[in-house]
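Colleague: Pasting the sequence and the predicted coordinates here, then a few questions.
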Amino acid sequence: MPARRVDLDTAREAEQAMASIAPAGAMPAEVLTRLKGLPALLRTSGLPATLALFAAKSGTDPLGRAYRSVRTALVTQLAAEVGWDSTPQDLYGALAALPATDLGRAQLRLVAFAGWLRRLAEAEEHTQRARRATEHPPAQTTAADAATATGGDGG
């Protein structure tokens, strides 16, 4: 059996998560910003606080759905790591009941997953910026235009 590349599996899972976060295409800028900071957020605030933040930001509008999708992706990764068949009714209680070694291992997996989400968010942000630049190229300004804009007579 060939050796599996865990990092590539994680990248594939992150790519699938990104597709579910913004199924219609353009991802909200606020979510891109959160995804770029997600690895640091997990490291500094911890898993329960990070999940709580994404739960609090979840909603029915496009931005809220994106936050819910991120949380769902994180919980899916968590469940796979600790061996849950489904998300427990009391997620935070189940997290508190996990042995410290299991929670630490899950945290490491989620930080790796978040790292891939961060890379993909950076790529998406670059793609959106390039798309905007081609749709709305900067206007060419002539010396006469500049003089008129500043109140000069152009000559």
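Modeller: Cool, got the structure.
Colleague: Wait, Ser20 touches Ala73, no?
Modeller: Yes. Ser20 lies in contact with Ala73 (C-beta atoms under 8 Å); the separation is 7.0 Å. Just so you know, the C-beta spots here come from the backbone N, C-alpha and C atoms, and that holds for glycine as well.
Colleague: more neighbours, the two?
Modeller: Ala73 (22 against 15; other C-beta atoms under 10 Å).
Colleague: Identify all contacting residues around the helix or strand containing that one.
Modeller: Secondary structure from DSSP states H and E places Ala73 in helix 62-82. Applying C-beta atoms under 8 Å, 6 or more residues apart in numbering, the external contacts of helix 62-82 come out as 13-14, 17, 20-22, 24, 27-28, 30-31, 34-35, 38, 47, 50-51, 54-55, 57-59, 84-87, 91, 98, 102-103, 105-106, 109-110, 113-114, 117.
Colleague: Where do the helices of this protein begin and end?
Modeller: Using DSSP state H, the helices found in the chain span residues 6-21, 29-45, 47-57, 62-82, 91-97, 100-135, 143-149.
Colleague: Find the one among the ones you listed with the highest mean neighbour count.
Modeller: Highest mean neighbour count of the helices of the chain: helix 62-82, a mean of 19 (counted as mean count of other C-beta atoms under 10 Å).
Colleague: how much space between the residue most central in space within the chain and Gly93?
Modeller: Centroid check for the chain by C-alpha atoms, centre = their mean gives Leu35 as the closest residue, at 2.8 Å. As defined by C-beta to C-beta, to the nearest Å, Leu35 lies at a distance of 27 Å from Gly93.
Colleague: State the distance from the residue nearest to Leu41 when sequence neighbours are not counted to Ala56.
Modeller: Leaving aside its sequence neighbours, Leu41 sits nearest to Thr50 (C-beta to C-beta, 6 or more residues apart in numbering; 5.3 Å). Separation of Thr50 from Ala56 (C-beta to C-beta): 11 Å.
Colleague: which neighbours do the two share?
Modeller: With C-beta under 8 Å, 6+ apart as the test, Thr50 and Ala56 reach no residue in common.
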